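Visitor: Need coordinates for the below:
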Amino acid sequence: MYYLCPLCTAPMGLIGRSWVCPQQHQFDIAKEGYVNLLPVQKKNSKDPGDNKEMMVARREFLNAGYYQALSDRVNQLAVEYAGAATRLLDIGCGEGYYSHRLFEVFEQRHACRLQGIDISKSAIRFAAKRYPLLHFCVASAYEMPIASESIELALRIYAPSKREELQRIMAKEGILITVAPGPRHHFALKQKIYANPRLHPESEAVIDGFDCLHHERLTYQLELTDSQHIAHFLAMTPYAWKFTAEQKANFMSQGLSCELDFQIEVHRIRDKS
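Guide: Numbers count the residues shown, from 1 in each chain. Prediction:
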């Protein structure tokens, strides 16, 4: 495994605890084990991606198991369509919840290596510290420091990305699994915010340069009664700032129920020859 230099795109090698390219651009490995490959000049803000508070809320909520059904289904599809893959990538990996669960499934089958990238330094720092067997770096999904045609299985859950980059990094016959909100995802929350809430758009299951092998919707009802879990859930949604203090207090005392609706797709890279 190696990374591409984010400054000159040349392959980098590991020298001691630093990734170094032939042009001597150097990126040191942090004490937690990750490497930051998002140069200052390529940031759109001082601290891009989810902040620490959002990351902690999502981490605690996911660790409580409420989205485990999604993780389990993604892992089942990964084994079904790319069971022999040894080079795995989680695009927009966040704090590493889906990454490490996918890695555990594949590691039981054969030796493999999983890389996770995310633009949030807070999330990557936590992921690297908690899951030392995985390889994490701070990077943009729009300009990934990943070698061309090197990834046999990629996972992209909610993360925006660039199709040209997806096409570039995928190895021959490589599989990409994507997850996006389904039409009724969190609809009960939207009904409490908007007079005329809109459904999420239904995916057309099309990515240029890929063939869609499978698509499905995974739906179930989320029922929350624990006030701490409710607080974490609200903090990790895009609607966190739209609720009043009174509405949040009502959720804490009365519980929260809403739809979970995920669109899951499996794509295979087309032959580039």
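
Visitor: Now do the strands in this protein.
Guide: Under the criterion DSSP state E, strands of the chain are mapped to 13-15, 18-20, 26-28, 35-36, 87-91, 113-118, 135-138, 151-157, 170-181, 210-224, 256-269.

Visitor: who wins for proximity to L189 among those?
Guide: strand 256-269 (5.4 Å; CB to CB). Using the backbone N, CA and C atoms, a C-beta is placed for each residue, glycine as well.

Visitor: for that closest one, the distance to its chain's centre please.
Guide: 13 Å (CA atoms, centre = their mean, to the nearest Å).

Visitor: Show me what that strand is packed against.
Guide: helix 68-82, strand 170-181, helix 187-193, strand 210-224, helix 227-236 (3 or more CB pairs under 8 Å, 6 or more residues apart in numbering; DSSP states H and E).

Visitor: which ones are touching the nearest residue to R58 once chain neighbours are set aside?
Guide: Leaving aside its chain neighbours, R58 sits nearest to M236 (4.1 Å; criterion: CB to CB, 6 or more residues apart in numbering). Residues counted as contacts of M236 (CB atoms under 8 Å, 6 or more residues apart in numbering) are 54, 57-58, 61.

Visitor: just to revisit the earlier point, of the strands of the chain, which is nearest F126?
Guide: Judging these by CB to CB, what sits closest to F126 is strand 135-138, at 9.4 Å.

Visitor: What pairs with that closest one, parallel or antiparallel?
Guide: strand 35-36 (parallel), strand 113-118 (parallel) (DSSP bridges).

Visitor: Need the winner for burial among those strands.
Guide: Among the strands paired with strand 135-138, strand 113-118 has the highest mean neighbour count (mean count of other CB atoms under 10 Å), at a mean of 25.
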